[in-house]
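# Have a look; sequence and predicted model below, questions after that.
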Amino acid sequence: MSNFLDNVYGTLFCPDETFEKMRENPPIFQGFLIVILISILKPLLDLDLGDEKLGLLWFGVNMFNSIFFGVSSWLSFAFFLELVASIFGQAGKIKTFLTLFAFALMPWIFAAPIELFKIDGAFTKIIAMFLGLFIWLWVIVLVIVAIIKSYQLSFGRTLALIIVPFLGSFLVLYWFIGFFSTLFQILKV
């Protein structure tokens with residue numbers, strides 16, 4: 001348990017050293033538990049048992065969906081990044097990235113208390129908005145550090161690893177639209 005708490009504390013306050021240590025022996029199961037924990041935060045915050053039977057049923061369905069989509073998103077992003085990393089000759093580090101990526105999501109834990117700020121007036125809602133933005137940026141930075149540590153890439157190559165799929169997606173969308181617009185022009189009577 002202390003190893004898990006050391007990893008959590010290290011991720012939040014000294015991620016460089018902690019990710020380096022976890023890269024050598026990635027605790028994938030701990031990462032899996034973190035993804036599940038973060039996935040169930042939203043249903044727990046939205047919990048309203050007005051009609052107890054229907055509310056509890058809806059809560060169970062919502063909880064299952066959150067866990068399923070949280071874990072599948074975690075796996076999908078990691079497998080997609082592994083595929084893109086193969087372009088740079090850095091494939092084969094999926095277990096390490098899954099672990100570091102899960103730990104990089106740890107700051108989302110603080111989103112739950114921040115949601116409580118949204119209950120009160122406009123000023124606290126603005127504070128909650130800025131704190132939420134800070135957490136989002138914190139997670140982005142930690143994910144970039146996780147990519148750098150997992151695949152042992154430079155910062156520039158990491159940015160390329162992140163940007164290339166977006167550019168490729170834009171190009172595919174452009175070709176897709178162009179293909180069908182040309183096809184509709186040809187079929188136009």
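Happy to help now that I have it.

# Please name the nearest non-neighbouring residue to Leu83.
Closest residue to Leu83 apart from its sequence neighbours, by Cβ to Cβ, 6 or more residues apart in numbering: Ala91 at 7.7 Å. C-beta coordinates here come from the backbone N, C-alpha and C atoms, glycine included.

# where does the one you found sit relative to Leu98, distance-wise?
Here the criterion is Cβ to Cβ, to the nearest Å. By it, Ala91 lies 14 Å from Leu98.

# Those two: which has the busier surroundings?
Leu98 (24 against 14; other Cβ atoms under 10 Å).

# Could you tell me how far the more buried one is located from Leu57?
32 Å.

# and what of Leu5?
Leu5 is 35 Å from Leu57, by Cβ to Cβ.

# three-state assignment of the residue nearest to Leu83?
Secondary structure for Ala91, judged by DSSP: H, G, I helix; E, B strand; the rest coil, is coil.

# List the residues that contact it.
Ala91 is in contact with Glu82, Leu83, Ala85, counting by Cβ atoms under 8 Å, 6 or more residues apart in numbering.

# Check what pLDDT Lys188 gets.
At Lys188, the model reports a pLDDT of 78.

# My error: substitute Pro43 in the last question.
With respect to pLDDT, Pro43 scores 82.

# next one: Leu167
Note on Leu167: pLDDT of 88.

# Tell me where the model's unsure across this protein.
1-2, 48-54, 189 (pLDDT under 70).

# 80 - rerun?
In the predicted model, the chain carries pLDDT under 80 at residues 1-2, 45-57, 87-88, 90-91, 115-121, 188-189.

# How is it divided into domains?
When the chain is parsed with automatic domain parsing, its domains come out as 2-153, 158-189.

# Contact partners for Ser66?
When contacts are counted by Cβ under 8 Å, 6+ apart, Ser66 touches Ser39, Ile40, Lys42, Pro43.

# now with 10 Å?
Ile36, Ile38, Ser39, Ile40, Leu41, Lys42, Pro43, Leu44, Asp46 (Cβ atoms under 10 Å, 6 or more residues apart in numbering).

# I'd guessed the last one sits against Asn62; true?
Yes - judged on Cβ atoms under 10 Å, Asp46 makes contact with Asn62 at a distance of 7.3 Å.

# Which of the two has more residues huddled nearby?
Higher neighbour count among Asp46 and Asn62: Asn62, with 16 against 12, using other Cβ under 10 Å.

# Go through the helix or strand where Gln30 lies and flag the buried ones.
If you go by DSSP states H and E, Gln30 is part of helix 28-39. For helix 28-39, burial by neighbour count (16 or more other Cβ atoms under 10 Å) applies to Gln30, Gly31, Phe32, Ile34, Val35, Leu37, Ile38, Ser39.

# So which elements touch that helix?
Helix 28-39 sits against helix 2-13, helix 15-24, helix 52-85, helix 94-104, with contacts defined as 3 or more Cβ pairs under 10 Å, 6 or more residues apart in numbering; DSSP states H and E.
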